[in-house]
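**Student:** give me the fold of what follows.
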Amino acid sequence: MTPEQAVIAANEAFYQAFEKRDIEAMTAVWSHGIGSLCIHPGRNAVRGWDEIRSSWERIFRNTNYLEIDIEIISIEINGDLAYIVLIENVLQVGGGGRRVKALSIATNVFECMAQKWYLVHHHGSPIMG
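**Tutor:** Residues are numbered from 1 along each chain as shown. Below you'll find the model as predicted:
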């Protein structure tokens, strides 16, 4: 597998964990370092794996269904760091059947550690219509 294929696979694993609301799969994708950073659309930055995990647990707990389509805009790899810029098209169904459609632009930064790519930074920003 080429480095680009490995980064794409790590990115796909992140979105599969997100869509399936699978905290264990999400745990496997993220770096557990204190420098990891996650910025959900419209939210403040969350730093360190413990806080990031809690943020995903809250999202998953308050969501009954997720559907996420992505469109990759750019992939760059430089040594042990890589980033993917993409569009996220998200359908979220929450409690009471409330449906929310959201379009975001996101940057996912991965770091290769022990020959595996881990997510170290996710930043999603809403695209206003």
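
**Student:** now do the residue located most distally from the centre of the chain, the pLDDT please.
**Tutor:** Most distant from the centre of the chain: residue 96, at 25.2 Å, with distances by CA atoms, centre = their mean. Reported pLDDT at residue 96 in the predicted model: 82.

**Student:** assumed residue 60 was part of a helix.
**Tutor:** Yes - under DSSP: H, G, I helix; E, B strand; the rest coil, residue 60 falls within a helix.

**Student:** which positions in stretch 17-36 come out as buried?
**Tutor:** Within stretch 17-36, the residues that qualify as buried are 17-19, 21, 26, 29-31, 36, counting by 16 or more other CB atoms under 10 Å. C-beta: built from backbone N, CA, C; applies to glycine.

**Student:** okay, and which of those map to strands?
**Tutor:** When the buried residues of stretch 17-36 are checked against strands (DSSP state E), there are no matches.

**Student:** distance of the nearest residue to residue 117 once chain neighbours are set aside relative to residue 113?
**Tutor:** Distances taken as CB to CB, 6 or more residues apart in numbering put residue 10 closest to residue 117, at 4.0 Å, once the chain neighbours are dropped. For residue 10, the distance to residue 113 (CB to CB, to the nearest Å) stands at 11 Å.
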